[in-house]
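Novice: any chance you can model this:
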Amino acid sequence: MRNEGRFNFSRLLLICSMLLACLQCAIADERPKIGLALSGGGAKGLAHIGVLKVLEEIDMPIDFVAGTSMGSIVGGLYAAGYSARQCEEIVLSIDWVSLFSDAVERRDMAMEQKPWDGRYAFSLELRDNRIQLPSGLIAGQKALRLLTELLLHVQHIDNFRELPTPFVCAATDLVTGELVVLDRGFLPEAIRASMAIPSVFTPIKIDGRLLVDGLIVRNLPAQEAFEMGADTVICVDVGSPLRDENALNTFLGVMDQAVSFQVVSSTAEQREKCDYLIVPDFEGGSTFDYDKAALFIRYGEEAARKKLPELQALADQLNRTPQKRHRTIPARADSITVNSVVLEGLDNIPQNLILSEISLELPTRTTIRTIKEHIDRIYGTGFFERVTYRLDPSIAGSNLVIRVVEKSEALFQMGLRYDTSNNAAMLLNTEFRNVLTQGSFLTFDLRLGDNLQFDNQFFSYNRFRKRLGFRSRLHFNTDDIDVFDGRQRIRRYDLNHAFAEFTLGSIFSTTTLLSLGARAEYAFANPTIGPVELESIETSLLSLIGTFQIDTFDRTYFPSSGLAVDITTHISDKKFLSDATFARHHLDLRIAYPVNDAISLQSQLFLGGTVGNELPLHYLFRLGGVDLPLTQLGRKASFMGLKVQERAGEHIQMLQFGVQYEALPQRFVTFRWNIGNTFDEWNGDPDPDLFITGAGLTLGVPTFIGPVELSIMGGQKRDFLGYINVGHKF
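Specialist: The predicted model follows:
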């Protein structure tokens, strides 16, 4: 019994010794927690990446991250598992100009929207029968889409403190002016709220609160890092100091200074809380100099290295057992299973309009790239200010949750234009969505200038077949019709033209349009130049119109790639309340083929013909002029070396070849050569003597009011012609 007692007592002593040793190890391994506070500062916030590179180099453990604005973007990516090197690769690959634009990619637009692309210099909302300035210039669609893609691997994490590195970001309640610390929800949306610079980005609503950039109340979130549990906080401040007197000589400078008082005061208070403060020297770099991303990253790295002795000492103290930390994000699967589609945010738009853009037979295997294409198409319908998505885990797959923010129901838009042929013109537009029926829009155009034009169109989405829609149109315009004899104009008519048209077809497709419609029209041509015995021409028509179109051009102006096809047939017959019997057909084929990033080959084939000999005057094909507005295509074809309308006939044959060279970013030089003519009878003779040739050079640059172009040209009929265009073409 005594031996057994000794044995048990020895075992007890051994267990106690082991427990004591484990406790000592635990105490020895316990270390202070390190927080990282990253401030806002626009493009200068990219310096945070340089600081992170140095912190990773010395193996500094980061336990918590708090960020504001650009600090929330970099901090959010880092907290989600990206390394500093990966963050650098991401920001250097971003097209920042495109990212900060809400413009719909042309290839994602529905076909009925493409004729409106590149017509208006600006758009304003109409609310309560008044024109309202927007709450921000940018809705942030592309920025939010990019964040969603980058943070896809952590979308299932609702609590940001459960990310690989716990994270919070700061935003401001626009209504109360209070600080809002975002630590849960949909991470891309939280970061988007934190970066919503007032008047630049539209506010974003989360949990019923209208949020903007956190820089207003907490640009350097040191306190938030402590409140997360940090014992020591490393702060990186890239905010702008107050301007000196010499810099306060502009309206924007004074406004920025007024806003900065509170920001600078708050930042000074937060700096006092920092244990280690890193302040990069940007040598005059601007908040919006995103093209200097690599330079700003280097500035951040240089600033961190100036603090390297202190930081290294801290890292050595914390890492008693040195161990390199490898930050990795899970490899993205090539495909995922989507079990269902859930739509959020719909009030006035029918679900079928969105579902028609999602060609998925559920459940299905698909890719993230395919989902992004669906999202872009939904955004391209023009009904939404913002379209985002997330993937919620479900049994054996995911639920695709699509959240939309519908656009204002009414817009006022304006375009400006000057060209050599038509002088100055202004285009006023009002657009109403969801009028009469959901998923519809009503638009009114009024063109003021030498020639007046009014155009009213109504589009309604069909609820029963995908991408099928109905269009009605009322149109009136005045125009000049010139008749030439050789190079001499011998007659001119003032045309008053009005029509009503009804069309049914696949107008909501993004690449192809097939439609059939009916048009009732009236035209009155009054002679103003010519022999006194010349009489007015009055025409009433009722015709059928069939159209087939393909449009994959990347841009409306200066396209570098894509295909455009327009095949249209008009049929009129005296048996059906028309003054003339004829069939008029045309083919307009255009191709842009990229040779490399700067050079693309351009070509166009235009063929038109008429059956019957009663074609009205305003239906004749006309050849001449440069880059005519889209509203005139099908009636008039541009031709280098001829004046506008210099050739006219019932048949047309024209071929053009060109080379477009982007000599500098957004600076285009285009050379074009063309051959063609108009005929009273269809020409089947390839004799070159029957055709006219010409060539020309165009210098062009896109601007916010539209393209600015200078063209010089010549040919067999004209030795020299000059042409200037400024503004959108309408």
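Novice: hey, let's count contacts and neighbours off CA atoms from now on
Specialist: Fine.
Novice: nearest residue to the middle of the protein?
Specialist: The C-alpha lying nearest the average C-alpha coordinate of the chain belongs to Ala103 (C-alpha atoms, centre = their mean; 3.0 Å).
Novice: part of a helix, is that one?
Specialist: No: secondary structure of Ala103 (DSSP: H, G, I helix; E, B strand; the rest coil): coil, not part of a helix.
Novice: ok, it - contacts?
Specialist: Going by C-alpha atoms under 8 Å, 6 or more residues apart in numbering, Ala103 touches no other residue.
Novice: distance of it from Phe122?
Specialist: For Ala103, the distance to Phe122 (C-alpha to C-alpha, to the nearest Å) stands at 12 Å.
Novice: now the residue nearest to the centre of the chain, what are its backbone angles?
Specialist: Dihedral angles of Ala103 (phi, psi; degrees, to the nearest 10) stand at phi -60, psi 130.
Novice: now Lys44
Specialist: phi -70, psi -20.
Novice: that one: neighbouring residues, count only.
Specialist: Lys44: 31 surrounding residues under other C-alpha atoms under 10 Å.
Novice: need the pLDDT of Thr437.
Specialist: pLDDT, Thr437: 80.
Novice: what's the closest non-adjacent residue to it?
Specialist: Ser460 (7.2 Å; C-alpha to C-alpha, 6 or more residues apart in numbering).
Novice: contact partners for the one you found?
Specialist: 437-441, 469-471.
Novice: tell me which element it falls in.
Specialist: strand 453-461 (DSSP states H and E).
Novice: just checking: what are the partner strands of that strand?
Specialist: strand 440-449 (antiparallel), strand 469-485 (antiparallel) (DSSP bridges).
Novice: nearest to Arg209, of those?
Specialist: strand 440-449 (30.1 Å; C-alpha to C-alpha).
Novice: got the contact list for the closest one?
Specialist: 422-435, 452-461.
Novice: for PyMOL, write the selection for the buried entries among those residues.
Specialist: Restricted to buried positions by 16 or more other C-alpha atoms under 10 Å, the PyMOL selection for the contacts of strand 440-449 reads:
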select buried, resi 424+425+426+427+428+429+430+431+432+433+434+435+452+453+454+455+456+457+458+459+460+461
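Novice: can you count the residues close to Phe576?
Specialist: Neighbours of Phe576 (other C-alpha under 10 Å): 12.
Novice: I meant Ile481, not that one.
Specialist: Other residues close to Ile481 by other C-alpha under 10 Å number 18.
Novice: using the three-state scheme, assign the closest residue to Pro198 other than its chain neighbours.
Specialist: Nearest residue to Pro198 in three dimensions, chain neighbours excluded: Val212, at 6.2 Å (C-alpha to C-alpha, 6+ apart). Applying three-state DSSP to Val212 yields a three-state assignment of strand.
Novice: surely Val212 touches Ala170?
Specialist: No: contact criterion C-alpha atoms under 8 Å: Val212 and Ala170 do not qualify, at 9.4 Å.
Novice: which one's more surrounded, these two?
Specialist: Taking other C-alpha under 10 Å, Val212 and Ala170 do not tie; Ala170 has more neighbours (34 against 29).
Novice: measure the more buried one to Val532 for me?
Specialist: 78 Å.
Novice: what's the answer for Leu124, then?
Specialist: Relative to Val532, and taking C-alpha to C-alpha, Leu124 is found at 49 Å.
Novice: out of these two, which sits in the more crowded spot?
Specialist: Using other C-alpha under 10 Å as the criterion, Leu124 and Val532 rank with Leu124 on top: 17 against 8.
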